[in-house]
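Asks: Sequence and predicted structure, then a few things I'm wondering about:
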Amino acid sequence: MSGILLTTLAGAAEQPNFLLVLLDDSGWTDFGCYGSRVQTPNIDRFVSEGMRFTDCHSAAPNCSPSRAGLLTGRTPSRVGIYSYLPPKHVMHLRDEEVTAAELLQSAGYRTGHFGKWHLSRLGSDQPQPADQGFEYSLGTDNNASPSHLNPKNFVRNGEPVGEMQGYSCQIVVDEAVSWLDSIEAEKGAEPFFACVWFHEPHTPIASPPELVSKYQKLYPELNAKEASYFANIENVDRAVGKLLRAVEQRGLAEETVVFLTSDNGPLNDFSSVGLRGKKSNVWEGGHRVPGAFRWPGKIDAGSECSVPISGVDYLPTVCDLAGIKTPEEIALDGVSLVPLLRDGADSLRREKPLYWFFYRLNPSLAIRDGRWALIADTNDAGRPKSHGMVRDDMARIKSSKPVEFLLFDLDQELSQRRDVAKEHPQVFERLRADAIRMHRDVVESGHRWDIPADYGAKNSRRIWDSY
Ligand SMILES: [Ca+2]
């Protein structure tokens, strides 16, 4: 980022700390307070102390684009993150993008990133966390490897650290807490922005054996994989508890805005009860995720909000709360959630609809307006695609157009099985026009990657399951 002028709004008093806690592939029914059988006392307590969102969405139904949306306030395809970042791929979060970390850092915040990164290859010449506004980082390119237990692939501030002992979620929280100590985080000190981005419960999973046996005993009908998944969620819950206690013990709870959510929908049926689709789908199951904000004394404890929100709203929200004016030359897709969090509003004014595009699967595009969800294919839906983006995909994305539209009324039916386009022709036409306009604008803006012709040439291609 260069040449961005920051204007601090007159009257912005003390700037709060921001803690962005992200799970990886956790569904909206994975926590006790969202109806899961997994015991998550720390997350349940956290949610009960703030505002729970029942219609919270990740910016994309998949890891890298979702994270790009969170950090930039822009829909991921607009910033050129069309899919996940496969190994050795040219796609990455470009240095030209302005992240929440950069805006906060320029306003005097201390900034740290802990856990899964997946926005560039660490240790390569692609932009690193330090280039995107994080003064300190301990992260991985993608998943913890070989699993969550004793991972070997963490990189600390650009240097590989080798094998680390313990479970990834505990390692990540311990590092974040040490960092809070190192910057002497306390009342009256410089504010901080910390991203704590867990690897759990993304595969390959490893969970403490005592928790796995606990769930095998509690629910004998679970298979070993399911019991390990339940244990994995409880292990993250323990880590979240440790992190929140560290904030509370430093007397910072009331000065810290915590947002806890997931980067995309799950792969398990029991993690997205009532929703159609899973991770990578533009159906609700791909991107409707748990989400809660806590700011004691400022956001009502035990409150609930059913207004649809998205990861792209995070940057405008933190800027609003910190009194930072977002640069006017940047086309944001999200809006500030402050009217919901602080003012008790029951709706948000959006100039652009919430929008999801994930090219690999069919359908590949969704927009949302209030109770209405419009779903569409793009015009090469019948063409087999590979898991990682290949050269040919780039031109196809640039010229893609939405086709085969379906309309769903989520107030009537969350499971998206009954197309109501014929019953609501005016709504259908309005959303159809919005989808065509929004998609054209986004794909015209998105960076055109020069993917080498031999990248992924040997990968198998298929039409992906669409549920
Ligand atoms: Ca993910």
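Replies: That came in fine, so what should we check first? Numbering: from 1, shown residues only.
Asks: For the stretch 1-150 of the chain, which segments count as helices?
Replies: For the stretch 1-150 of the chain, applying DSSP state H, counting those that start in this stretch gives helices covering 41-48, 63-72, 100-106.
Asks: out of these, which comes closest to residue 389?
Replies: helix 63-72 (10.8 Å; Cβ to Cβ). Any C-beta I mention is one placed from the backbone N, CA and C, and that applies to glycine too.
Asks: ok, back up a step: could you work out which of the helices of the stretch 1-150 of the chain reaches nearest to residue 425?
Replies: Closest among the helices of the stretch 1-150 of the chain, using Cβ to Cβ: helix 63-72, at 31.7 Å.
Asks: Write out the residues of the stretch 201-350 of the chain neighbouring the ion.
Replies: 263-264 (Cβ under 5 Å from the ion).
Asks: mind redoing it with 6 Å?
Replies: 202, 263-264 (Cβ under 6 Å from the ion).
Asks: most neighbours, which of these?
Replies: Highest neighbour count within those: residue 264, with 34 neighbours (other Cβ atoms under 10 Å).
Asks: What score does residue 269 have for pLDDT?
Replies: On the pLDDT scale, residue 269 is placed at 89.
Asks: on that earlier part again, dump the residues of the stretch 201-350 of the chain next to the ion into TSV; add pLDDT and secondary structure as well.
Replies: Formatted as TSV, those follow (pLDDT from 0 to 100; DSSP: H, G, I helix; E, B strand; the rest coil):
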residue	pLDDT	secondary structure
202	97	coil
263	98	coil
264	98	coil
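Asks: quick one: residue 359 and residue 397 touch, right?
Replies: Yes. The pair residue 359 / residue 397 is scored as a contact, 5.6 Å apart, by Cβ atoms under 8 Å.
Asks: Poorly predicted segments of the stretch 1-150 of the chain, please.
Replies: 1-13 (pLDDT under 70).
Asks: Of all the residues in it, which one is nearest the ion?
Replies: residue 63 (3.7 Å; Cβ to the ion).
Asks: now swap in the stretch 101-250 of the chain and tell me
Replies: For the stretch 101-250 of the chain, Cβ to the ion, closest residue to the ion: residue 202, 5.6 Å.
Asks: Report the secondary structure state of residue 293.
Replies: strand (DSSP: H, G, I helix; E, B strand; the rest coil).
Asks: Can you name the residue of the stretch 351-467 of the chain nearest the ion?
Replies: Counting by Cβ to the ion, the stretch 351-467 of the chain gets nearest the ion through residue 358, at 12.1 Å.
Asks: surely that residue meets residue 279?
Replies: No. The criterion here is Cβ under 8 Å, and residue 358 misses it with residue 279 at 9.8 Å.
Asks: Overlap in contacts, the two.
Replies: 61-62, 286 (Cβ atoms under 8 Å, 6 or more residues apart in numbering).
Asks: Report the buried members of those.
Replies: Among the shared contacts of residue 358 and residue 279, those scoring as buried are 61-62, 286 (criterion: 16 or more other Cβ atoms under 10 Å).
Asks: between those, which is nearest residue 386?
Replies: For those, the nearest to residue 386 is residue 62 (14.5 Å; Cβ to Cβ).
Asks: Residue 434 and residue 29, how far apart?
Replies: 30 Å (Cβ to Cβ, to the nearest Å).
Asks: Next, work out how far apart the residue of the stretch 101-250 of the chain closest to the ion and residue 27 are.
Replies: In terms of Cβ to Cβ, residue 202 sits 12 Å off from residue 27.
Asks: Can you report how many residues lie near residue 217?
Replies: Neighbour tally, residue 217, other Cβ under 10 Å: 9.
Asks: I'd assumed it was in a helix, is it?
Replies: Yes. Residue state for residue 217 (three-state DSSP) corresponds to a helix.
Asks: where's it relative to residue 211, distance?
Replies: 11 Å.
Asks: Next: residue 58.
Replies: For residue 58 relative to residue 211 (Cβ to Cβ), the value is 26 Å.
Asks: Which one's more surrounded, the two?
Replies: Each of residue 58 and residue 211 has its neighbours counted (other Cβ under 10 Å); residue 58 has more, 29 against 20.
Asks: how about the strands in the stretch 101-250 of the chain?
Replies: With strands called from DSSP state E, counting those that start in this stretch, the stretch 101-250 of the chain shows them at 110-116, 136-140, 155-156, 159-160, 192-197.
Asks: Could you dump those strands into CSV with mean neighbour count added?
Replies: Listed next are these as CSV, based on neighbours: other Cβ atoms under 10 Å:
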stretch, mean neighbour count
strand 110-116, 26
strand 136-140, 23
strand 155-156, 17
strand 159-160, 10
strand 192-197, 26
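Asks: Would you reformat those as a markdown table and include distance to residue 235?
Replies: Putting the strands of the stretch 101-250 of the chain into a markdown table (distance: least, Cβ to Cβ, whole Å) gives the following:
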| stretch | distance to residue 235 |
| --- | --- |
| strand 110-116 | 14 |
| strand 136-140 | 17 |
| strand 155-156 | 22 |
| strand 159-160 | 25 |
| strand 192-197 | 14 |
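Asks: any chance of those strands in CSV, with distance to the ion too?
Replies: Shown next, in CSV, are these (distance: least, Cβ to the ion, whole Å):
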stretch, distance to the ion
strand 110-116, 8
strand 136-140, 13
strand 155-156, 19
strand 159-160, 23
strand 192-197, 10
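Asks: which residue packs closest to the residue of the stretch 101-250 of the chain closest to the ion, ignoring adjacent ones?
Replies: residue 24 (4.0 Å; Cβ to Cβ, 6 or more residues apart in numbering).
Asks: Would you agree the one you found is in contact with residue 62?
Replies: No. In this structure, residue 24 is not within contact of residue 62 by Cβ under 8 Å, at 10.8 Å.
Asks: on that earlier part again, now for the strands of the stretch 101-250 of the chain, which one comes closest to residue 51?
Replies: strand 192-197 (19.4 Å).
Asks: which helices and strands sit right next to the closest one?
Replies: strand 17-23, helix 100-106, strand 110-116, helix 168-182 (3 or more Cβ pairs under 8 Å, 6 or more residues apart in numbering; DSSP states H and E).
Asks: What pairs with that strand, parallel or antiparallel?
Replies: strand 17-23 (parallel), strand 110-116 (parallel) (DSSP bridges).
Asks: Helices of the stretch 151-300 of the chain, residue ranges please.
Replies: 168-182, 209-218, 224-249, 284-287.
Asks: can I get those helices in TSV with mean pLDDT?
Replies: Listed next are those as TSV, based on pLDDT from 0 to 100:
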stretch	mean pLDDT
helix 168-182	98
helix 209-218	98
helix 224-249	98
helix 284-287	98
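Asks: Would you point to the one among these that's packed deepest?
Replies: For the helices of the stretch 151-300 of the chain, the largest average neighbour count (mean count of other Cβ atoms under 10 Å) is found in helix 284-287, namely a mean of 28.
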